[in-house]
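J.: Can you look at this prediction? I've put the sequence above it.
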Amino acid sequence: MATNRINPDHRDAIVILARAGYGARGIVYLLVGGLAALAVLGQGGQTTGSRGALERIMLAPLGDLLLGIMVVGLLGFGLWRAIQAVKDADHHGTAAKGIVIRSGLFVSAITHTMLAVFAASLIFTLGGSSGGSEGGSKDMATWLISQSFGRWLLAGVGIALAGVGVAHVIKAVKTKFDRHFDMPKPVQYWAYPVCRFGLIIRGLVFVLVGSFFIMAAYQLDPDEAGGIAEVFSTLRNQAFGQFLLALVALGLFAFGIYSMLEAVYRRINP
C-alpha cells in the first residue's frame, strides 16, 4: 500500500538540517543586527544585509570553513521551508491567510537557497565575488520581471513578504510562537520578551521589503526592490533616523536570538 510517511532516517536528517538552518539564520541576523548597532554607536560596524553578513564571516579566521558550515545550514533551512510550504508541516491550512503564510515560506525557501549559493560562491572565489547585500533582492526582482506575467509575480512576492511581516507581528503580540516551542519555563521568562521584540521588528522590516517589491512591480523597475540594507538606508533618511536604526538593529539581533532558540527548542515534524 502507498504511504505518505517519511522514512525515519530521512525524517531525522530533515530535523537535523532544519535545526542547523535555524542556527545559520540566527547567526546571520546576529551579525546583521550587531554590525548595525556598532555602526550606530560609531564603533566600526556597518549597516548591511544578509550577504554583507556572510562576507564578514569570510574575513574571520577559518572563514572558509565557517562559511561552508553556513552553506549547509542555509540549504537545510531552504529545504525545511519548502517542506513547510508544500506539506503544510505547521498546519496553516488552505484558507487565504494560510496560503499567504505558506507562499511566504516558499519565498523564504528560495531566498535562503540563493543565500547559500552566494555563500558558496564566496568560498570558491576566495571572497572575490560580492554583489552587495542588496544584490539578492534586485537579482530576484530582475529574474521575476523577465518571466511571463513578471509584474504580477513580482507584486505577488511583495504581497507575500508583507503578509509574512504582518503574521510575524501577530505571532509576537499573541505569543503564537509558543505552540511551536518545547521550552522550559525558566527559559521562557527571559526568552519570550526577546522573541516578541525580534518578531515585531523583523515583521516591520518584512513589510517594508514587501513594499519595495510592490513598488518595483508598479514601476516595472527591479532596482526599486530591496532587502534589509535598503531598509536601513530608508530609515537613516527619516526623522530620528539614528534612533530608528538602533531600534531595528536591536530588533534584528533579538530575532537572531529567537532563531537560535528555535534551533534548540522548536518542535519540528516533517
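T.: Right, received. Where do you want to start?

J.: which helix in this structure runs the most residues?
T.: The helix spanning the most residues in the chain, taking DSSP state H as the definition, is helix 185-219.

J.: buried ones in that helix?
T.: Within helix 185-219, the residues that count as buried by 16 or more other C-beta atoms under 10 Å are 188, 191-192, 194-217. Bear in mind the C-beta positions are built from the backbone N, C-alpha and C, glycine included.

J.: what packs against the following helix or strand past it?
T.: Reading on from helix 185-219 to the C-terminus, the next helix or strand found by DSSP states H and E is helix 228-236. Contact here means 3 or more C-beta pairs under 8 Å, 6 or more residues apart in numbering; DSSP states H and E; on that basis helix 228-236 packs against helix 185-219, helix 241-265.

J.: closest one to Leu54 among those helices?
T.: Nearest to Leu54, of all these, is helix 241-265, at 13.8 Å by C-beta to C-beta.

J.: which strands and helices sit next to that closest one?
T.: helix 8-40, helix 185-219, helix 228-236.

J.: now the longest one, how far from the chain's geometric center?
T.: Between the centre of helix 185-219 and the centre of its host chain there is 9 Å, according to C-alpha atoms, centre = their mean, to the nearest Å.

J.: Report all helices and strands that it contacts.
T.: Using 3+ C-beta pairs under 8 Å, 6+ apart: helix 185-219 touches helix 135-145, helix 150-173, helix 228-236, helix 241-265.

J.: end to end, how far does stretch 213-231 reach?
T.: By C-alpha to C-alpha, to the nearest Å, the extent of stretch 213-231 from end to end equals 12 Å.

J.: ugh, wrong one, I meant stretch 140-154
T.: Start-to-end span of stretch 140-154 (C-alpha to C-alpha) is 9 Å.

J.: Stretch 227-242 now?
T.: In stretch 227-242, first residue to last residue: 19 Å (C-alpha to C-alpha).

J.: One more: stretch 218-237?
T.: End-to-end distance for stretch 218-237, by C-alpha to C-alpha: 23 Å.

J.: Quick check: buried residues in it?
T.: For stretch 218-237, the neighbour count (16+ other C-beta under 10 Å) marks 222, 224-232, 235 as buried.

J.: Could you list the residues in contact with that stretch?
T.: 32, 36, 47-50, 52, 132-134, 136-138, 140-142, 144-145, 151, 154-155, 205, 208-209, 212-213, 215-216, 241-242, 244-245, 248, 252 (C-beta atoms under 8 Å, 6 or more residues apart in numbering).

J.: Go again with 7 Å.
T.: Contact with stretch 218-237 is made by 32, 36, 47-50, 52, 133-134, 136-138, 141-142, 145, 151, 205, 208-209, 212-213, 215-216, 241, 244-245, 248, as judged by C-beta atoms under 7 Å, 6 or more residues apart in numbering.

J.: Okay, angle between the worst-scoring helix or strand of the chain on mean pLDDT and helix 228-236 too, please.
T.: Lowest by mean pLDDT, DSSP states H and E among the helices and strands of the chain is helix 135-145, with a mean of 79. Going by axes from the mean of the first three to the mean of the last three C-alpha atoms, to 10 degrees, helix 135-145 is angled at 110 degrees with respect to helix 228-236.

J.: Can you list the buried residues in helix 135-145?
T.: So helix 135-145, judged by 16+ other C-beta under 10 Å, has buried residues 135-138, 140-142, 144-145.
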